[in-house]
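*Asks:* need coordinates for the following:
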Amino acid sequence: MAAVVDKEKCTGCEACVSVCPVEAITIVDGKAVISDACVDCGVCIEQCLVKAISLP
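*Replies:* The predicted structure follows:
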């Protein structure tokens, strides 16, 4: 199951995009979107400065 982005908290800074090892994160309309390619490694969660990403 893919990590989840809280769209209210996400600032679209792209910090998570560059650290994703499987390139599962893109920015759409200024917010991070995580695809089903996510492997639940948690790297994006650690990188997110506004705590907008979590595992379900």
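*Asks:* how long is stretch 34-50 from one end to the other?
*Replies:* From its first residue to its last, stretch 34-50 covers 16 Å (CA to CA, to the nearest Å).
*Asks:* and it, how far out from the chain middle?
*Replies:* 4 Å (CA atoms, centre = their mean, to the nearest Å).
*Asks:* and that stretch, average pLDDT?
*Replies:* For stretch 34-50, mean pLDDT is 96.
*Asks:* show me what contacts the nearest residue to residue 39 once chain neighbours are set aside?
*Replies:* With sequence-adjacent residues excluded and distances taken as CB to CB, 6 or more residues apart in numbering, residue 39 is closest to residue 22, at 5.5 Å. C-beta: built from backbone N, CA, C; applies to glycine. Applying CB atoms under 8 Å, 6 or more residues apart in numbering to residue 22 gives the contacts 37, 38, 39, 41.
*Asks:* which SS class is residue 2?
*Replies:* Recorded secondary structure, residue 2: coil (DSSP: H, G, I helix; E, B strand; the rest coil).
*Asks:* do residue 26 as well
*Replies:* Going by three-state DSSP: residue 26 is strand.
*Asks:* what does stretch 45-56 contact?
*Replies:* 1-11, 13, 15-16, 19, 32, 34, 40, 42, 44.
*Asks:* distance between the ends of it?
*Replies:* Terminal-residue distance, stretch 45-56 (CA to CA): 12 Å.
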